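1. I would like the atomic coordinates for the input below:
(one chain, ligands or ions: 1)
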Amino acid sequence: MVRVGVVAVQGDFLEHMQMLRELSRATPVAVKSTRDLNNVDAIIIPGGESTTIGGLMKVRKLDVVIIDLAERGVPIMGTCAGAILLAKKVVDRVVGETGQPTLGLMNIAVVRNIFGRQRDSFETEIHVEGVGKIRAVFIRAPAVTEAWGEARIRAYVDHPSVGRLGAVAVERNLLAVTFHPELSEGLKIYEYFLNMVKR
Ligand code: GLN
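-> The predicted model follows:
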């Protein structure tokens, strides 16, 4: 069994835990304090509000432990707000530099709220390299606008007004997903993520 710690301070961690329960090889663990990170094989940082999740992770010192585990090769998937928290460069489409606390682990730049406000949320089909076609739900989503070093963009979304933007990026043991895999049918992204866990 793969023990997957799901950061449970704000956002839709319950949906991620529910999806993981559908996979026979994963056990979800709610991560509220550093103690909960003992013995996890992988970590998910959910969608929600990245300023809130980042702030609470810092207060609870989860950030320090997660950075350490990431550096030791533990796979980490950040979805939507979680993807923002993985990025080294973060700007908001409207306010620019946010100065918010992040983990700064991945060599990617993300733009928050790039598609606009809540009402500009949408669902579409995208193709993820190594995963295939999936339905993706974008809720006040960010996009990956740059990847350097070992980071690679593995999926794009074509948006009628904003254009073609990065939706999935991978760098070694780190996976940034700008949409909400926990809200669509299908577990392909989870399978892909769990395959990153070394046995
Ligand atoms: N817009 C949110 C942020 O910037 C992310 C939204 C989400 O996770 N669905 O933090």
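2. number of residues surrounding residue 160?
-> By the measure other CB atoms under 10 Å, the count of residues near residue 160 is 7. C-betas here are computed from N, CA, C, even on glycine.
3. quick one, phi psi at it?
-> Dihedral angles of residue 160 (phi, psi; degrees, to the nearest 10) stand at phi -60, psi -40.
4. with residue 119 instead?
-> Taking degrees, to the nearest 10 as the convention, residue 119 sits at phi -70, psi -10.
5. try residue 30
-> Per degrees, to the nearest 10, the backbone of residue 30 is at phi -70, psi 130.
6. how near is the residue positioned nearest the centre of the chain to residue 62?
-> With distances taken as CA atoms, centre = their mean, residue 78 lies nearest the centre of the chain, 1.6 Å away. Counting by CB to CB, to the nearest Å, the separation of residue 78 from residue 62 is 13 Å.
7. report the distance from the helix or strand of the chain with the lowest mean pLDDT to the chain centre.
-> Every helix and strand in the chain was compared by mean pLDDT, DSSP states H and E; the lowest is strand 96-97, with a mean of 92. How far strand 96-97 lies from its chain's middle: 20 Å, per CA atoms, centre = their mean, to the nearest Å.
8. stretch 42-58 now?
-> 9 Å.
9. mean confidence score for that stretch?
-> Stretch 42-58 comes out with an average pLDDT of 98.
10. dump it to CSV, keeping only the CA atoms.
-> Extracted in CSV, the C-alpha atoms of stretch 42-58 (Å, rounded to 0.1, in the frame of the first residue of the first chain):
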residue,chain,number,x,y,z
ALA,A,42,3.9,10.5,-1.5
ILE,A,43,2.2,13.8,-0.8
ILE,A,44,-0.7,15.7,-2.4
ILE,A,45,-1.2,19.5,-1.9
PRO,A,46,-4.8,20.2,-2.9
GLY,A,47,-6.6,23.0,-4.6
GLY,A,48,-8.2,25.8,-2.6
GLU,A,49,-6.7,29.2,-1.8
SER,A,50,-2.9,29.1,-2.2
THR,A,51,-2.3,32.1,0.1
THR,A,52,-4.2,30.4,2.9
ILE,A,53,-2.8,26.9,2.3
GLY,A,54,0.8,28.4,2.1
GLY,A,55,0.3,30.5,5.2
LEU,A,56,-1.1,27.6,7.3
MET,A,57,1.6,25.2,6.1
LYS,A,58,4.2,27.7,7.3
